[in-house]
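here is a sequence with its predicted model. Questions after.
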Amino acid sequence: MSTGAPEPPDARDRPRVGVDEWVANVDERRETGTGVTGFVARTWERLPAVARLAILIGPFVVFPFVTNEGNLFRYGLITVVYALLALGLNVVVGFAGLLDLGYVAFFGFGAYLYGIMASGHSGHHLQAEIAIPIVVVASALLGLVLGLTSWRLLGDYLAIVTLFFLQAFVIFVNNANGGLSDFSYPFVGRVDLTGGANGLDQIDPLNFFGHQITTTKGYYLYTLAALTILMIMLFFVNKSRTGRSWRALREDPLAAEVMTVPVNRLKLLAFMFGAATAGFTGTIFGAVQSGAFPGDYDVGLLITIYAIVILGGLGSIGGVVIGALVVNGVPELLRSSTNARFLFYAVIVVALLVAMKPWYRAVLVLLGTIAFGAVVHAIAGAAWSRSTAGHIEGGGTFGRALDHWVLIPTHASRLAGWAYFALIVAALLLTLVRGWWRAIALIPALYLAAFVWENKLVEQVSGATRLIMLGALLVVIMNVRPSGIFGTSRVEVV
Amino acid sequence: MALLELRGISKAFGGLQVVSDLDLHVGEGEIVSVIGPNGAGKTTVFNLITGIFRPDSGSIVFEGDVVSNLSPHTITTRGIARTFQTLRLFLNMTVLENVMVAAYGNTRSTIVEAMLQLPRSRREEKEIRKLAEEKLSFFGQRLMGYRWDQPAYSLSYANRRRLEIARAMATGARLLLLDEPAAGMNPVETHEITDLIGKLRDDGGYTILVIEHDMHVVEGISDRVVALDYGQKIAEGSFEEVATSPRVVEAYLGLRKAETK
């Protein structure tokens, strides 16, 4: 304590600088980070839980009242359904740390079981308020059975067994149509349970006490309400003895067991909770689709849900919402060239501001690029009028402004192809230079990127470009937040 | 009556006899040290007592009940908690949460009660938090206040050892098994640990079985010392008796040196 600052009254009892406190503070600084992301992260941490929930869910509540577009609406619904699914998976994988690759089977199980109890296909028409609890309980019991494998198997081995479970489920529903080679059940004999490869069709809409949910909007709000309630409940569970023990067993199962936590029971509970959530979500999906089809519950969906959970941050409750929005929403938004264009420039600006330090260097690069473009546009326009003859279609004010900045030659597809190639080379070269040189070299490179975008990529926006954009976005996100958008960085070995 | 009693415990891994026919007892309120060269089977004894391993033969009796066939979490809930030689904290959880985890065995509220925030769950959470704060405050300024919400990995090595002890205390155990509590500590911290172990017994009312290599610590704290070698008890008694026992000297230093001495 050699500094001239007055010592706080309790200074005597404080650990000295360089002993513990300093180390602890360094870690704290490193964890929240500096700059824009650090600021956002810290602000977010300080918000009360209710405000965080409102920020996350609020836009979803407003969404149905500002849009009437059929397709967009349907994607909104699917996004919420995926978020709900991811929330359940997050308990198994994020909290308890069990690598469950059979998760989607429970989703399918929920849809099929609901279909068997309430559809024109099966001939039964149970009310939703009876059918849904049955599905939830049955899914949980199935989860218990699969969870039993986690007593003996860990990590990769658990992943293999659960993946087989999913495959077995898909094969089962593909074949359980009461055909000649099908299983003969006790009491009822051969029955058509799942409709086989054609799927189980004519599933009833959810019907609560005689009130049917018939519109997409209705399903959207119903699912959103379920998502919100489950998020709140999980928030409480996470802070309770159960949630704490889940996280403890993820960290170190042996230590958890020795600290009075019945590890095996908690593993089962995590599996059951995940399975029940997935089964419940399955009833919604089955009712929305008015059918259950084997192809819907396969590894592809599993990967999507895992992507949502990992992108949002393992173990983060709010993260699944953002994850679902990015993984599911962005590809849809990108279908329109206006949205795609906006996202393209926004990602560049944000990525620059986040990745470049100090911040004024990023601002200089942005201003430099704008000036550079204006100059190039003026010179090229004067020298060779065809180079600015093209126009951006349907870009609004932003598009018209771009018209005066980016070179848009007529019939430029060959030139743009070469420019694309040049852009890739430029990006590679940029990795070789450092400091101010990189900042300066970035200016023409960014302009080249804009040129390539406007002349080549934007044409194929609903095809390859969309995927390139999504890939680029994911790279940016993973660089900024390596442990997921809402994830906290985890230390494995110290 | 002894609080903990090991009767003829044996354990072999394949052909390697790690513990053979070991008798050991720890009386209520005692501090007993287990010493012995590396590989003598000290930590295995701890693993056997806490149920991580099952003994091949013999029985372990705690408070008059046989516990050697119970699972680890039940044994800890019954009242035997341990720390680990190689620290096993929940590194990515906060300091406070690390301690709160250990209250699982003595609380009852279910996941449904937590989801719906029913009264029992809320009450228990408050109690767990109070318990954890109480156990942490046992360590004075070392683990106080501003550190509680930091992840455990941000603690220094010595504080991690303290946190492990706090976590073991929060299980509600009466018997603490400390596996090398002074390992990796500097002389000042070692001295503190010696005081702390005394305080654990005198103020906390714990009975303590400790494995330790630092002979200053062993001398400072032990009511009784048990020396192991090749899984067998080679000496037992006060520190002076054990330290001067020819078999202990032999185990640590070898036979010829013991003779020439």
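Noted; the coordinates are in hand. Numbering: from 1, shown residues only, chains lettered A, B, ... in the order given.

what sits against the residue in chain B that chain A sits nearest to?
Chain B approaches chain A most closely through residue B:105 (2.9 Å), counting by C-beta to the nearest C-beta. Bear in mind the C-beta positions are built from the backbone N, C-alpha and C, glycine included. For residue B:105, the contact set (C-beta atoms under 8 Å, 6 or more residues apart in numbering or on different chains) comprises A:260-261, B:73, B:76-77, B:171-172.

so it, which of the three states?
Judged by DSSP: H, G, I helix; E, B strand; the rest coil, the three-state class of residue B:105 is helix.

now for residue B:41: which residues touch it?
Residue B:41 neighbours (C-beta under 8 Å, 6+ apart): B:11, B:18-19, B:22, B:228, B:230-231.

mind doing that once more with 7 Å?
Contacts for residue B:41 (C-beta atoms under 7 Å, 6 or more residues apart in numbering or on different chains) come out as B:18-19, B:228, B:231.

and it, how far from residue B:224?
18 Å (C-beta to C-beta, to the nearest Å).

same question for residue A:384.
From residue A:384 to residue B:224 the distance is 98 Å (C-beta to C-beta).

which of those two has more neighbours?
Neighbours per residue, other C-beta atoms under 10 Å in any protein chain shown: of residue A:384 and residue B:224, the larger number sits with residue B:224, 17 against 12.

that one contacts residue B:32, doesn't it?
Yes. Shown here, residue B:224 and residue B:32 form a contact pair, counting by C-beta atoms under 7 Å, at 5.0 Å.

tell me the confidence at residue 2?
Using chain A here. For residue A:2, the pLDDT comes out at 40.

think we crossed wires, I meant chain B
Reported pLDDT for residue B:2: 89.

residue contacts, it?
Per C-beta under 7 Å, 6+ apart, neighbours of residue B:2: B:25-27.

which of those are buried?
Burial by neighbour count, 16 or more other C-beta atoms under 10 Å in any protein chain shown: within the contacts of residue B:2 this picks out B:25-26.

with distance to residue A:317, secondary structure and pLDDT added, can I get the contacts of residue B:2 in JSON lines?
Below are those laid out as JSON lines (distance: C-beta to C-beta, whole Å; DSSP: H, G, I helix; E, B strand; the rest coil; pLDDT from 0 to 100):
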{"residue": "B:25", "distance to residue A:317": "49", "secondary structure": "strand", "pLDDT": "95"}
{"residue": "B:26", "distance to residue A:317": "45", "secondary structure": "strand", "pLDDT": "96"}
{"residue": "B:27", "distance to residue A:317": "49", "secondary structure": "strand", "pLDDT": "95"}
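
a markdown table for the contacts of residue B:2, including distance to chain A?
A markdown table is the format used below for the contacts of residue B:2 (distance: C-beta to the nearest C-beta, whole Å):
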| residue | distance to chain A |
| --- | --- |
| B:25 | 22 |
| B:26 | 18 |
| B:27 | 24 |
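
now do the spatially closest residue to residue A:290 that is not a sequence neighbour: how many residues are near it, please.
The shortest distance from residue A:290 to any non-neighbouring residue, by C-beta to C-beta, 6 or more residues apart in numbering or on different chains, is to residue A:203 (5.0 Å). Neighbour count for residue A:203, taken as other C-beta under 10 Å: 27.

same thing with residue A:421?
11.

dihedrals phi and psi, residue B:134?
phi -60, psi -40 (degrees, to the nearest 10).

and it, what is it in contact with?
Residue B:134 touches nothing, counting by C-beta under 7 Å, 6+ apart.

ok, the residue nearest to residue B:165 when sequence neighbours are not counted to residue B:19 distance?
Nearest in space to residue B:165, with sequence neighbours left out and distances taken as C-beta to C-beta, 6+ apart, is residue B:83 at 5.8 Å. Distance from residue B:83 to residue B:19, counting by C-beta to C-beta: 20 Å.

same check on residue A:410?
Taking C-beta to C-beta, one finds residue A:410 at 88 Å from residue B:19.

which residues touch the residue of the stretch 151-300 of chain A found nearest chain B?
Among the residues of the stretch 151-300 of chain A, residue A:260 lies closest to chain B, at 2.9 Å counting by C-beta to the nearest C-beta. Residue A:260 makes contact with B:73, B:76-77, B:102, B:104-105, B:171, according to C-beta under 7 Å, 6+ apart.

hmm, 10 Å instead?
Residue A:260 makes contact with A:245, B:72-78, B:81, B:101-107, B:170-173, according to C-beta atoms under 10 Å, 6 or more residues apart in numbering or on different chains.

can you tell me the SS state at it?
coil.

name the nearest residue to it, sequence neighbours excluded.
Residue A:260 sits nearest to residue B:105 (C-beta to C-beta, 6+ apart), 2.9 Å away.

any idea how far the one you found lies from residue A:439?
Counting by C-beta to C-beta, the gap from residue B:105 to residue A:439 is 59 Å.

any idea which helix or strand in the chain has the lowest mean pLDDT?
Picked chain A for this. Least confident helix or strand, chain A: helix A:21-32 with a mean of 52, by mean pLDDT, DSSP states H and E.

could you find the residue nearest the spatial middle of chain A?
When C-alpha atoms, centre = their mean is applied to chain A, the residue found nearest the centroid is residue A:323 (2.0 Å).
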